[in-house]
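> Here is my input; please provide its structure:
(one chain, ligands or ions: 1)
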Amino acid sequence: MSYGKGWLAYHKIKTEKNDSRQISIQKLCSFLTVRAKGKIIDTAVEEYRTAAEQILGITVTVNERGSSVSKQPAVPGVIFELTEKAPDLKKDGFRIFFAENQLFLSANTESGLLYAVFELARRMMDGIYLPDLDITTNPAMNLRMINHWDNMDGSIERGYSGNSFFFKEGQILHSDRIHAYVRLMASIGINAIVINNVNVHERESYLITDKYLDSLKKYADVFAAYGIQLYICVNFAASIDIGSLPTADPLSGDVISWWQDTVRHIYDIVPELGGFVVKADSEGRPGPFTYGRTQADGANMLGRALKPYGGLLIWRCFVYNCGQDWRDRKTDRAKASYDYFKDLDGSFEENVILQIKNGPMDFQIREPVSPLFGGLKNTNSILEVQIAGEYTGQQKDVCYLVPMWKEILEFETYAFSDKDKSSTVRDIVSGNAFRNINCGMAGVTNTGNDYNWTGNDLAAVNLYGYGRLCFCPDMTAEQIAREWITMTLSSDSQVMNTVTNILMHSRSTYEKYTVPLGIGWMVTPHSHYGPDVDGYEYDKWGTYHRADRNGLGVDRTKKGTGFTAQYNEPNASMYNNMDTCPEELLLFFHRVRYDKVLKTGKTLIQHIYDTHFEGVEEVKNMRKEWAALENKIPEDVFRRVGERFEMQMQNAVEWRDRINTYFYRMSGAKDEKGRKIY
Ligand code: GCW
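Residues are numbered from 1 along each chain as shown. So this is what the prediction gives:
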């Protein structure tokens with residue numbers, strides 16, 4: 001199957017505007033001196049060559065290579081150097097600056113140099129005068145991880161862009177596409193990739209056996225050349241399912257030795273492996289609870305087995321009761337993670353990291369931040385977000401997620417008693433708040449073997465933006481969008497403005513025509529695309545809206561389920577009080593009457609009607625704006641995205657009519673504007 005180059009489809013730019021400047025960019029960039037050695041350096045040289053050839057139309061001559069090259073070349077050129085004496089550089093950070101007729105790319109790790117090359121390529125695409133560059137960039141997060149939910153049969157759980165490019169019919173695939181993919185990931189700063197689904201089924205349990213280890217080693221090598229570590233998800237009960245033990249009790253001596261032996265063998269063959277990711281005691285997956293053990297008992301046992309090899313153990317906090325009785329109003333799924341993990345704070349091994357979904361529920365279009373951020377203070381944590389928009393349009397509806405992730409990162413958790421000390425989610429996952437090294441972000445990816453990787457071409461901005469955000473969370477969502485548009489589509493001003501505009505409004509539009517004010521779900525069961533208001537209302541998943549003829553919403557205050565108390569003050573009180581609760585989260589935290597007047601002066605029911613009508617109008621406008629780009633962007637992209645807008649249109653209309661009709665019938669309240677409700 002063929003594939004596109006995504007944001008690495010460099011094209012030749014016009015450099016005339018630089019012609020009058022002192023130094024010819026073409027000449028400067030033709031001459032490369034490499035004062036460093038290593039596998040990733042070789043990659044950096046190749047990537048530099050590709051970028052310079054394709055963007056500037058030149059051939060690069062590599063002057064000298066090796067760690068001892070120190071003489072300054074007589075002609076202008078580019079120098080790659082590994083340096084230890086740059087105090088403002090952190091691990092994998094880089095500097096690009098111009099001095100003595102040389103453009104320096106300087107870093108203290110090989111990966112840092114590779115990132116500098118990709119940064120330079122972005123600047124070249126921007127058409128700027130390179131000698132003006134003076135940038136120092138350090139990655140904000142140490143772990144910049146991608147999670148694939150790929151299964152070995154080739155399917156992808158919550159995948160909306162074709163099948164897996166890693167697996168097919170139980171085999172591990174080795175194709176050019178893997179290399180192309182790894183380039184894309186390294187170019188946005190990703191340094192860890194988990195290739196298989198957190199739901200480790202029977203076949204995937206064998207990934208840690210000789211059946212697959214040689215193949216994994218090949219992946220590990222391809223990844224390592226781009227500074228990326230390979231991770232795999234393992235089955236907590238592997239000692240039973242593939243070993244011959246009767247138990248997976250993490251405190252059993254036999255289980256401990258089984259894992260020690262298994263991990264030793266894995267590292268003999270794949271020494272580059274980054275570690276394991278585990279989903280335990282969640283949605284049918286086995287875990288330590290079966291043996292009356294804690295989540296820490298389970299995680300630490302595996303962590304200790306990985307420790308001698310420098311491996312990390314990443315343990316997901318997505319643990320909740322998925323067999324709830326809908327009649328039960330006391331149990332609150334939102335409370336589960338905190339209840340299971342908060343008291344374990346400080347009891348995890350140093351190489352164990354907790355992976356926490358951004359919200360307490362599950363990747364909805366609007367949720368508060370998980371109270372585990374700010375709840376855990378002595379535990380490494382990773383923020384998990386979902387790039388694949390399971391509940392946010394599934395790469396049919398356009399929904400730019402970077403603005404949402406930025407809100408999450410900037411959320412102040414008030415973890416310190418000194419309330420002036422900053423403890424935003426960003427502070428926590430970048431390791432600054434509590435001085436943890438093993439922190440970062442994990443994004444559930446939206447890729448598959450579709451030609452354009454992400455189904456909707458516009459959905460690639462979420463993948464791109466995810467990586468850029470982990471590296472540079474200071475960038476605004478709009479800057480990231482513009483950069484991606486330049487790299488992928490065009491820097492033509494009409495294209496730039498139209499696409500930026502579409503992307504920047506897309507989340508709010510999606511939210512308008514789907515679920516109101518943070519209540520979540522109301523989706524078609526299983527597929528999770530399209531509306532079904534009561535689809536999960538009488539089900540076991542703990543995801544209820546509780547609508548009746550008077551109102552809707554879940555009372556999560558102290559008088560209700562008590563979830564608000566999991567936050568530090570002043571957040572706990574802010575959410576607990578209906579008047580101070582941010583309105584976009586009103587129905588998440590409170591049960592609200594339809595006639596309640598909101599800050600806009602509208603009643604809740606009128607707000608529901610209005611936003612749903614508006615949402616559909618906004619989709620119509622986006623579709624129209626897109627149609628005006630014909631002949632301005634590649635024809636195939638224009639066509640594919642156009643088709644997606646048709647799907648989005650249908651989806652938005654269906655949501656509008658189902659939601660409005662449902663609440664009209666429930667409440668009996670007429671639409672003030674007398675529009676058509678069924
Ligand atoms: O959102 C739910 C998804 C499941 C997923 C689970 C998880 C991989 O519907 O498909 O399983 O979350 O995050 O583990």
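
> any low-confidence regions in the chain?
For the chain, the stretches flagged by pLDDT under 70 are 16-20, 68-70.

> Would you mind listing what in the stretch 101-250 of the chain touches the ligand?
149, 157-158, 197-199 (CB under 6 Å from any ligand atom). C-beta here means a position set from N, CA and C on the backbone, and glycine is covered the same way.

> Pull out the buried residues from the residues you listed.
Buried by 16 or more other CB atoms under 10 Å: 149, 158, 197-199, out of those.

> Mind putting the residues you listed into JSON lines with distance to residue 309 and secondary structure?
As requested, these are exported to JSON lines (distance: CB to CB, whole Å; DSSP: H, G, I helix; E, B strand; the rest coil):
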{"residue": "149", "distance to residue 309": "26", "secondary structure": "coil"}
{"residue": "158", "distance to residue 309": "31", "secondary structure": "coil"}
{"residue": "197", "distance to residue 309": "24", "secondary structure": "coil"}
{"residue": "198", "distance to residue 309": "22", "secondary structure": "coil"}
{"residue": "199", "distance to residue 309": "25", "secondary structure": "coil"}
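
> Can you give the distance of stretch 190-206 from its chain's centre?
16 Å (CA atoms, centre = their mean, to the nearest Å).

> Find the residue closest to the residue of the stretch 551-678 of the chain at minimum distance from the ligand in space, skipping its chain neighbours.
At 16.8 Å from the ligand, residue 588 is the closest residue in the stretch 551-678 of the chain, using CB to the nearest ligand atom. Counting by CB to CB, 6 or more residues apart in numbering, residue 588 lies nearest to residue 518, which is 3.5 Å off, once chain neighbours are set aside.

> for that neighbour, what are its contacts?
364, 366-368, 584-589 (CB atoms under 8 Å, 6 or more residues apart in numbering).

> ok, now with 10 Å
359, 361, 364-368, 511, 553-554, 581-590 (CB atoms under 10 Å, 6 or more residues apart in numbering).

> Quick one, which of those residues are buried?
So, by 16+ other CB under 10 Å, the buried ones in those are 359, 361, 364-368, 511, 553-554, 581, 585-590.

> about what we covered before: next, the contact list for the residue of the stretch 551-678 of the chain closest to the ligand, please.
Residue 588 touches 334, 359-361, 364, 366-368, 517-520, 553-554, 556, 563, 575, 581-582, counting by CB under 10 Å, 6+ apart.

> try it again with 8 Å
366-368, 517-520, 553-554, 556.

> quick one, domains of this structure?
9-136, 143-488, 513-554+591-667 (automatic domain parsing).

> Quick one: distance of the shortest one to the chain centre.
Per CA atoms, centre = their mean, the displacement of domain 513-554+591-667 from the mean C-alpha position of its chain is 23 Å.

> Does the ligand have contacts with it?
No - using CB under 6 Å from any ligand atom, domain 513-554+591-667 stays clear of the ligand, coming no nearer than 6.6 Å.

> Ends of that domain, what's the gap?
19 Å (CA to CA, to the nearest Å).

> what about residue 95, neighbour count?
22 (other CB atoms under 10 Å).

> And the contacts of the host helix or strand of it?
If you go by DSSP states H and E, residue 95 is part of strand 94-99. With CB under 8 Å, 6+ apart as the test, strand 94-99 has contacts from 86, 88-89, 103-107, 112-113, 115-116, 119-120, 123, 130-137.

> so of those residues, which ones are in helices?
112-113, 115-116, 119-120, 123 (DSSP state H).

> What helix or strand is the residue positioned nearest the centre of the chain located in?
By CA atoms, centre = their mean, the chain has its centre lying nearest to residue 443, at 2.7 Å. In this assignment (DSSP H and E), residue 443 forms part of strand 440-444.

> Could you list which residues are in contact with the closest residue to residue 392 other than its chain neighbours?
Closest residue in space to residue 392, ignoring its immediate chain neighbours: residue 399 at 4.5 Å, by CB to CB, 6+ apart. Going by CB under 8 Å, 6+ apart, residue 399 touches 365, 389, 392-393, 506-507, 510.
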